[in-house]
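Undergrad: Here you go, sequence then predicted model.
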Amino acid sequence: MSRLLLSLCLLLQMTAVVLADDRPPNIVIIFTDDQGYGDVGCYGAQGYETPHLDRMADEGMRFTSFCVAQAVCGASRAALLTGCYPNRIGMLGAPGPNATHGINSDEMLLSEICKQKNYATAVYGKWHLGHRRPFLPLQHGFDEYFGLPYSNDMWPYHPEVPENFPDLPIIEGNDIKIAAVTPEDQTHLTTWYTEHAVDFINRNHERPFLLYVAHAMAHVPLFVSEKHTGVSKQGLYGDVITEIDWSVGEILKAIKKHELDEQTLVIFTSDNGPWLSYGNHAGSAGPLREGKGTTWEGGVREPCIMRWPGRIPAGSLCNELAATIDIMPTVAGLIGAELPEHTIDGKDIWPLMSGLPDAGSPHEAYYYYWGRELQAIRSGDWKLHFPHKYRSLDGPAGKDGVPSKYYQAATDVALYNLRTDVGETLDLKDEFPEVVERLKSLADEARVELGDSATGQQGGGTRPAGQLPSSE
């Protein structure tokens, strides 16, 4: 099929999606925290089952090469909602209670994309794009918000668990609902977020909606409700994932109740890989190397399942590179909304999602940043690491909520073929010097646009995060 004919078929297919009903599709995104690539049944999880997620995969598409933009909470979430590398928009790291920055009001979020088409919009769970009023969801296109503004471990005594957690509030709308979350409150978080999600679907099923469920789990400290305590063979972590799977089932049940299956795109993925130093309170990266906080595949490659009966082929598999930054432009195309005038980095991946024959990744190059440092780059099956330090476990992993120590490991320039070596174990730079040079050239383009602290480049295409006035 010629490229022109392929493009015409795609255009007709996308037009049919928008016109097939009187309203554009509902969008549901379920985003977990610190869940590893190997932490879903259909991705090889052991010691517990995830029947609802496995059913999602049976009825939809499972991605095997789906990446986040950085392997840390806040930056990853900013990328999901803006379609941009965090470096482009100044949203790096994991801002906590003392942070004075947040998402800039000039950025366009997925919620604001959907508002162009009069969607009902809600986010329940972890926000992490700034916890002061200018940065909260209701100021950025969401109608409703209930949840923690940042990670559930951000109190002064971590990793110890005090009787209550100072400065860890639950916010509803723009106001504090619970000033200091207790351990008992944390056991209810997954249930509370699920109940809010189901209620939102029940109240808005007659109009298009965007529902973003950002679970606090499976980030340490782990908590699970009484109804899911002790249900798995893998202890507390397995119980937590089992409860997340239950939550997915409740959301799918609400969609089915209102006969919205064929009108609703559901996406499940996570923000970064497992926090390996926590051992039995952390997940598994499966066959991937390292975990959270690194640019190895274990840090940035996530389980991702997408379901849309009648639109996404049932039981299908996508091995092409796709990423969270692609969700916003893809949704914009599906619902006929306009993208922002400023530059974004995501691409429309509907050809992949819809199973279009011979569809490939739209990314010529994908950039792996940690903070402001460009540590690796991928093009096709090839991934090139630049010299950098990274954290790796120093001896046995921790146990029962107490982490072990990391040490500073280092890599030199190294080239891996991810198609044949997903674990990044065999350095091929000497065998393929022409590939190394091509990827280095692509990386130079990224540095000009997004900067690189390793080379001292600032980047000409970056935009600042939002900042509180100095008086606040």
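TA: Arrived safely, thanks for sending.

Undergrad: Gln375 is in contact with Asp452, correct?
TA: No: look at Asp452 against Gln375 with CB atoms under 8 Å: they stay out of range, at 9.3 Å. Heads up, the C-betas are built off the backbone N, CA and C, glycines and all.

Undergrad: Walk me through the domains of this protein.
TA: 23-353, 366-467 (automatic domain parsing).

Undergrad: From Asp271, how far out is Pro149?
TA: From Pro149 across to Asp271, the span is 15 Å (CB to CB, to the nearest Å).

Undergrad: Please apply the same query to Asp22.
TA: Asp22 is 35 Å from Asp271, by CB to CB.

Undergrad: the more surrounded of these two?
TA: Asp271 (30 against 6; other CB atoms under 10 Å).

Undergrad: related to what we said a few turns ago, which of the domains of the chain is buried the deepest?
TA: domain 23-353 (a mean of 21; mean count of other CB atoms under 10 Å).

Undergrad: Start and end of that domain, how far apart?
TA: Domain 23-353 has an end-to-end distance of 20 Å (CA to CA, to the nearest Å).

Undergrad: try stretch 315-328
TA: 24 Å.

Undergrad: Stretch 398-416 too?
TA: First-to-last distance for stretch 398-416 - CA to CA - comes to 30 Å.

Undergrad: Do a quick rundown of the helices in the stretch 201-350 of the chain.
TA: Using DSSP state H, counting those that start in this stretch, the helices of the stretch 201-350 of the chain run over 235-257, 297-300, 327-335, 350-353.

Undergrad: In TSV, list those helices along with distance to Gly173.
TA: Output for the helices of the stretch 201-350 of the chain, formatted as TSV (distance: least, CB to CB, whole Å):
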stretch	distance to Gly173
helix 235-257	22
helix 297-300	33
helix 327-335	24
helix 350-353	33
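
Undergrad: what's the closest of these to Lys389?
TA: helix 297-300 (13.8 Å; CB to CB).

Undergrad: where does the residue nearest the centre of the chain land on pLDDT?
TA: Note on the chain: the residue nearest the mean C-alpha position is Asp271, at 3.6 Å, using CA atoms, centre = their mean. In this model, Asp271 is scored at 98, pLDDT.

Undergrad: residue contacts, it?
TA: Asp271 makes contact with Phe31, Thr32, Asp33, Asp34, Val68, Cys73, Ser76, Arg77, Leu80, Glu302 under the criterion CB atoms under 8 Å, 6 or more residues apart in numbering.

Undergrad: Stretch 376-389: how far from the chain's middle?
TA: Put simply, stretch 376-389 sits 20 Å off its chain's centre (CA atoms, centre = their mean, to the nearest Å).

Undergrad: make that stretch 190-201, sorry
TA: The answer for stretch 190-201 is 19 Å, by CA atoms, centre = their mean.

Undergrad: same thing with stretch 305-319?
TA: With CA atoms, centre = their mean, you get 18 Å for stretch 305-319.

Undergrad: Just the terminal-to-terminal distance for that stretch.
TA: This stretch, stretch 305-319, spans 12 Å end to end (CA to CA).

Undergrad: Under the pLDDT cut-off, which ranges of the stretch 51-200 of the chain? List them.
TA: 155-167 (pLDDT under 70).

Undergrad: try 50 this time
TA: For the stretch 51-200 of the chain, the stretches with pLDDT under 50 are 164-165.

Undergrad: Show me the strands in it, by range?
TA: 61-67, 101-102, 120-125, 144-147, 170-172, 175-178 (DSSP state E, counting those that start in this stretch).

Undergrad: Of all the ones you listed, which one is nearest Asp400?
TA: strand 120-125 (25.2 Å).

Undergrad: Which secondary structure elements does the closest one sit against?
TA: helix 110-115, strand 144-147, helix 189-204, strand 209-214 (3 or more CB pairs under 8 Å, 6 or more residues apart in numbering; DSSP states H and E).

Undergrad: and the last one, how far from the chain's centre?
TA: The reference is to strand 209-214. Going by CA atoms, centre = their mean, where strand 209-214 is centred and where its chain is centred differ by 13 Å.

Undergrad: just the longest one next, same as before
TA: Mean C-alpha position of helix 189-204 versus that of the full chain (CA atoms, centre = their mean) differs by 20 Å.

Undergrad: any idea of the angle that helix forms with helix 235-257?
TA: 10 degrees (axes from the mean of the first three to the mean of the last three CA atoms, to 10 degrees).

Undergrad: Strand 120-125 and helix 189-204, what's the angle between them?
TA: 170 degrees.

Undergrad: ok so, going back, find the pair from the contacts of Asp271 with maximum spatial separation.
TA: Asp34 and Leu80 (14.9 Å).

Undergrad: pLDDT wise, what is Ser470 at?
TA: For Ser470, pLDDT reads 79.

Undergrad: hang on, isn't Lys177 packed against Ile171?
TA: Yes: using CB under 8 Å, Lys177 is in contact with Ile171, at 6.2 Å.

Undergrad: Overlap in contacts, those two.
TA: What both Lys177 and Ile171 touch, as defined by CB under 8 Å, 6+ apart, is the set Phe146.

Undergrad: Pop out the phi and psi values for the residue nearest to Gly298 when sequence neighbours are not counted.
TA: Counting by CB to CB, 6 or more residues apart in numbering, Ala285 is the residue found nearest to Gly298 once chain neighbours are left out, at 3.3 Å. Backbone torsions of Ala285, given as degrees, to the nearest 10, read phi -90, psi 10.

Undergrad: Please name the residues that touch Ala285.
TA: So Ala285 contacts Gly36, Tyr37, Gly38, Gly273, Pro274, Leu276, Gly291, Glu297, Gly298, Gly299, Arg301 (CB under 8 Å, 6+ apart).

Undergrad: for the first one, what are its contacts?
TA: Contacts for Gly36 (CB under 8 Å, 6+ apart) come out as Ser270, Gly273, Pro274, Ala282, Gly283, Ser284, Ala285, Gly286, Gly291, Gly298, Pro303.
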